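Peer 1: Got a sequence here, can you model it:
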Amino acid sequence: MRKGQEEMRKGQEEMRKGQEEMKNQIQSHVESKVREIKDHVNSCIEKIEEDVQSVKREIGEVKGEVERKIEEVEDKVQGKIEEVKEKVQVKIGGLEKRLSELEDRPITFPENPDLTYSRPTVKSLTFDGQTSFQNSD
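Peer 2: Okay, here's the model as predicted:
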């Protein structure tokens with residue numbers, strides 16, 4: 001019986017060793033897979049970070065282009081404003097000169113008999129008792 005118990009213990013010991021070995025193999029396999037997954041995740045993170053940096057650079061470039069275009073348009077608009085201001089000042093100067101000339105010059109109208117207005121005059125009664133209207137020119 002002792003021999004049977006001894007064999008049983010040996011069998012149990014071998015089973016424990018087998019289980020321990022299987023456990024170690026499984027644990028080693030799991031750790032290997034976890035490392036692979038971590039490496040893959042880190043690789044993906046690096047790729048995403050590179051993409052983010054690339055997008056940031058592109059955004060910076062586009063922002064720079066937009067700012068340059070805005071400055072160009074502002075310069076053009078400012079130039080047009082100055083051009084229009086100059087034209088307006090020239091026209092104002094011309095109008096002021098003409099107004100000054102008109103103010104300095106006496107207002108005289110040539111006499112034109114066709115344009116003069118004549119009023120009819122009323123003469124007193126004549127010997128026959130009727131009123132006479134005449135234009136005096």
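Peer 1: can you give me the helices in this structure?
Peer 2: With DSSP state H as the criterion, the chain has helices at 2-104.
Peer 1: Lowest-scoring secondary structure element of it by mean pLDDT?
Peer 2: Every helix and strand of the chain was ranked by mean pLDDT, DSSP states H and E. The lowest is strand 132-135, at a mean of 54.
Peer 1: which stretches of this structure have low pLDDT?
Peer 2: 106-110, 112-137 (pLDDT under 70).
Peer 1: center of the protein, which residue is that?
Peer 2: With distances taken as Cα atoms, centre = their mean, the residue of the chain nearest its centroid is Ile70 (8.6 Å).
Peer 1: What distance do you get for that one to Glu7?
Peer 2: 92 Å (Cβ to Cβ, to the nearest Å). For glycine as for every other residue, the C-beta is placed from the backbone atoms N, C-alpha and C.
Peer 1: which residues touch the residue nearest to the centre of the chain?
Peer 2: Residues near Ile70 by Cβ atoms under 8 Å, 6 or more residues apart in numbering: none.
Peer 1: Kindly report the same for the one 3 residues further on.
Peer 2: With contacts defined as Cβ under 8 Å, 6+ apart, Val73 is in contact with no residue.
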